[in-house]
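In: sequence plus predicted model, see below.
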Amino acid sequence: MARLTLCLFACATPLLADTLFLAANGKPVVKDVMVVEEDGSKIYYLDKSLKRRAYGKKMIGRVEKKRTDIHDYVERRDALTDAAGAITLAKWAKKKRFHKTVVAATYEQALSFDKDNAEANEFLGNVQYEGEWMTPAERQKRLEAEEEAAMREQGLVPYKGEWVTPEDKANLEKGLVKHDGKWMTPDQKKEAEGFVKFGGKWVKKDELEIQKLIGPAKRATGLGERLQVEMTDNYALLGDLPPNQMQILGKTMEKLYAEWVKVFPSARDNRNLLLGKQRIYVFRKARPYTKLCKWVFDEKKKSGDYSKDELKVEKARMKLAQRETSFWEVQLRRMPEGGSGYGSIVEEVVSGHVQMPDPFEGLKGHVVHFGSNVLATRHESVRLPTWWLNEALAYYFEIKVCGAAQTFSTSVGGGGGYAQGGGEIEGEKNPWLESSNWQGKLLQMARANGDPKLERFKGKDLFDPKNRLTPEELAKGWSVVTFLILDDAKKFAAFFADAKNGSGGPVEREVAAVLKHYGSYREIEKRWKAYALNNFRIPR
C-alpha cells in the first residue's frame, strides 16, 4: 500500500484537500470536502454542512488536493464585517448548495451586525411586533403577557385556558356548567336542552320513541347490528337497505308530507297527524319482513287490547301480509295503568316493505303509497275513509311525489295480488298496471260512456274477492280526486275532513260529505267527464 504524505495535518492552516480515495480499490469515497486535521488513526474533514466528519486513515489510499467552495466560504465568513456582506455570502452559499443550516447561520451572522435587517429576519421566519423583530414564539409570549395583564385588570382569573370571573371559576371547579345564564349540573343542562337519559345515553325527547324501538326491532327482524336507522322530522326508517337508499326514502317521505299539507293546510296543526313518528321498515329480502309481520301480531297479542275473535282476524291479516310485499298499520291502543304514552292512549303507526323482487323505484312507490294511506287515516281523526277515496289519494300523492304510480305499475305488474289480474289474454300484463296509460284508457271509456260509476265505489273493499275495487275503478278514483283537487283544493279538503269526522261508518260519512260539498255523486261525475273529455284539463 502506498504511504500517505500528510505533513500539513498538524499545521495550523487546514490542508487544501478535496477528494479522499480508498486504498482498497482506488475509488473516491468523499468528494468536495475540506480536510482540516489528522491524528494517529483518522482524517477529519468538513462537507457543505460544515459538520466535522472523519474517515479511518488505514482505509484511505491517497488524498487529492484541490481548493473547494468550502474553503471559499470559510475564508469569506471569517472576513465578514457587516450585514450586507453576510447576506451576500448567504445567497452565494444557497446558490452553491450549502446545507440550509449553513445558509441560516449566515443570515444569523448578518443579524449580529444589524438586528433590524429586514431581509435576514424575513428569511429566518421572524416577525415584526410593535416595531421590533422577534421569533413567532417570542411574539406569542408577548401577546399572552399583554392579554394576561388586561384580563387581570378586569378582575378575571385563568381557568383551563380561559379567563373567567372568580365566581365562575368556583362554579367550574365544582363541575357545574352554565346554561341560559344559570349554573347547573351537566345532567340538569342536558334536561334543560330537551334530552332524556335512555340506556345510559342522552337522547332528544322527540327521538326517545325510536330509541326505545331500536333494540326490539333488531331482535324482531333478526337483523341485529345490521339494522340501519334513518331519522327525519316526521318519519323513522329502519331496515337493511344501503344508507344512501335509506336517505333517499327519508327525503321522499318528507316530500310526501310537504305535498300533503299543500292539499290539507290544517294538517300543519293536526295533532293526530303528527302524533309520533311513523315507523317504516324497509328490507331487501323477505326473511326480516316476514319476521316483522309476526312481531307486529305478537305485540297486539301481548297488549291485551284484542279479544280472541279479534286476534283470529289479526292473525289472518298477519298471514296475508307475509304473502304480500308490504303492509301498514295505524292502531290506537290503551296503555296499562302507569304506562307512558300520549295520555292513556298510544298510537301505533308502522309499515313494512320488502324490495324483492321489485326494483328500488318500486319499493319507493310502495312506501309513498302506504305513507299516504297512513296520513289519510290519521288526518283530522284516526279513522279509515272509504277504500276508494283512501287509494285514490294514495295514487295522487304517489304520482305527485314519485312521478308515476310504481305500486301497481312495475315491469312485472308488482303490488298486491288483487292488482295483477284482469288481463284480457292470459300471461299478458294488465294495462291498468301502467299509470302512464290511465288517462288514455279513461278517455276511451268516457267517450264510450263505459267508465265505471263513481257512486258504486263507496261500498267496495280492497281485499274482499266478491266486492273488490277493480283496477279501472282505482284508476278512475285517482283521476276524480286529481280533478277535485285541481278544481278547488280548499273545497276538497273540507269534503275530506267531513268524510272523516261525520257520524256513522265510512260510507255514511262520505255520502253526507258529498251531498254537503258537491250536491251528489252524479254532479261529480258530470264535472269529471267534462274534465276528461277536455284532455284532462279543467274546462274554463
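Out: Here it is on my side, so go on.

In: where along the stretch 101-250 of the chain do the strands fall?
Out: 127-129, 132-134, 157-159, 162-164, 177-179, 182-184, 195-198, 201-204, 228-231, 235-239 (DSSP state E, counting those that start in this stretch).

In: single out the most deeply packed of the ones you listed.
Out: Most buried of the strands of the stretch 101-250 of the chain by mean neighbour count (mean count of other Cβ atoms under 10 Å) is strand 235-239; its value is a mean of 26. Yep, even glycine has a C-beta here, placed from its N, CA and C like the rest.

In: what lines up beside that one in the sheet?
Out: Here strand 235-239 has these sheet partners by DSSP bridges: strand 228-231 (antiparallel), strand 278-283 (parallel).

In: now that strand: average pLDDT?
Out: The pLDDT scores in strand 235-239 average 91.

In: CA-only coordinates of it in CSV, if you can.
Out: Coordinates of each C-alpha in strand 235-239 appear next as CSV, following Å, rounded to 0.1, in the frame of the first residue of the first chain:
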residue,chain,number,x,y,z
TYR,A,235,-90.5,9.5,10.0
ALA,A,236,-88.3,6.8,11.3
LEU,A,237,-86.9,4.4,8.7
LEU,A,238,-85.5,1.1,9.9
GLY,A,239,-84.1,-1.7,7.8
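
In: so, low pLDDT: which residues of this protein?
Out: Scanning the chain with the threshold set as pLDDT under 70 gives 1-20, 22-24, 61, 206, 209-210, 213, 270-276, 332-347, 408-433.

In: turn the strands of the stretch 101-250 of the chain into TSV, including distance to Leu389.
Out: As requested, the strands of the stretch 101-250 of the chain are exported to TSV (distance: least, Cβ to Cβ, whole Å):
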stretch	distance to Leu389
strand 127-129	76
strand 132-134	81
strand 157-159	66
strand 162-164	63
strand 177-179	50
strand 182-184	52
strand 195-198	40
strand 201-204	36
strand 228-231	30
strand 235-239	23
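
In: among those, which is nearest Ala83?
Out: strand 132-134 (12.8 Å; Cβ to Cβ).

In: that older thread, got TSV for the strands paired with strand 235-239, with distance to Asn171 too?
Out: Output for those, formatted as TSV (distance: least, Cβ to Cβ, whole Å):
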stretch	distance to Asn171
strand 228-231	35
strand 278-283	43
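
In: so which of the strands of the stretch 101-250 of the chain comes closest to Lys441?
Out: Among the strands of the stretch 101-250 of the chain, the nearest to Lys441 by Cβ to Cβ is strand 235-239 (33.7 Å).

In: identify the residues contacting that closest one?
Out: The contact list for strand 235-239, computed with Cβ atoms under 8 Å, 6 or more residues apart in numbering, reads 209-210, 213-214, 217, 221, 223, 227-231, 246, 249-250, 253-254, 257, 277-284, 288, 371.

In: biggest helix in this structure by residues?
Out: When the chain is parsed with DSSP state H, its longest helix is helix 243-263.

In: helices of the stretch 101-250 of the chain, residue ranges please.
Out: Under the criterion DSSP state H, counting those that start in this stretch, the stretch 101-250 of the chain contains helices at 118-123, 136-153, 166-173, 186-192, 208-221, 243-263.

In: got those helices as JSON lines, with mean neighbour count columns?
Out: Output for the helices of the stretch 101-250 of the chain, formatted as JSON lines (neighbours: other Cβ atoms under 10 Å):
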{"stretch": "helix 118-123", "mean neighbour count": "17"}
{"stretch": "helix 136-153", "mean neighbour count": "12"}
{"stretch": "helix 166-173", "mean neighbour count": "14"}
{"stretch": "helix 186-192", "mean neighbour count": "14"}
{"stretch": "helix 208-221", "mean neighbour count": "16"}
{"stretch": "helix 243-263", "mean neighbour count": "17"}
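
In: how about those helices, which one is nearest Gly504?
Out: helix 243-263 (24.5 Å).

In: and the closest one, what does it pack against?
Out: On a contact count with 3 or more Cβ pairs under 8 Å, 6 or more residues apart in numbering; DSSP states H and E, helix 243-263 meets strand 228-231, strand 235-239, strand 278-283, helix 360-378, helix 387-402, helix 489-501.

In: which elements pack onto the last one?
Out: For helix 489-501, the helices and strands in contact under the criterion 3+ Cβ pairs under 8 Å, 6+ apart are helix 243-263, helix 387-402, helix 471-487, helix 506-518.

In: put together CSV for those helices, with distance to Glu299 on each row.
Out: Conversion of these to CSV gives the following (distance: least, Cβ to Cβ, whole Å):
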stretch, distance to Glu299
helix 243-263, 23
helix 387-402, 24
helix 471-487, 31
helix 506-518, 26
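
In: of the ones you listed, which approaches Glu37 most closely?
Out: Judging the helices and strands packed on helix 489-501 by Cβ to Cβ, what sits closest to Glu37 is helix 243-263, at 70.4 Å.

In: what sits against the residue lying closest to Gln188 once chain neighbours are set aside?
Out: The shortest distance from Gln188 to any non-neighbouring residue, by Cβ to Cβ, 6 or more residues apart in numbering, is to His179 (7.8 Å). Neighbouring residues of His179 by Cβ under 8 Å, 6+ apart: 188-189, 192-193.

In: how about the spatially closest residue to Met134 that is not a sequence neighbour, phi and psi?
Out: Computed as Cβ to Cβ, 6+ apart, the closest residue to Met134 that is not its neighbour in sequence is Asn126, at 6.2 Å. Torsion angles at Asn126 (phi, psi; degrees, to the nearest 10) stand at phi -80, psi 160.
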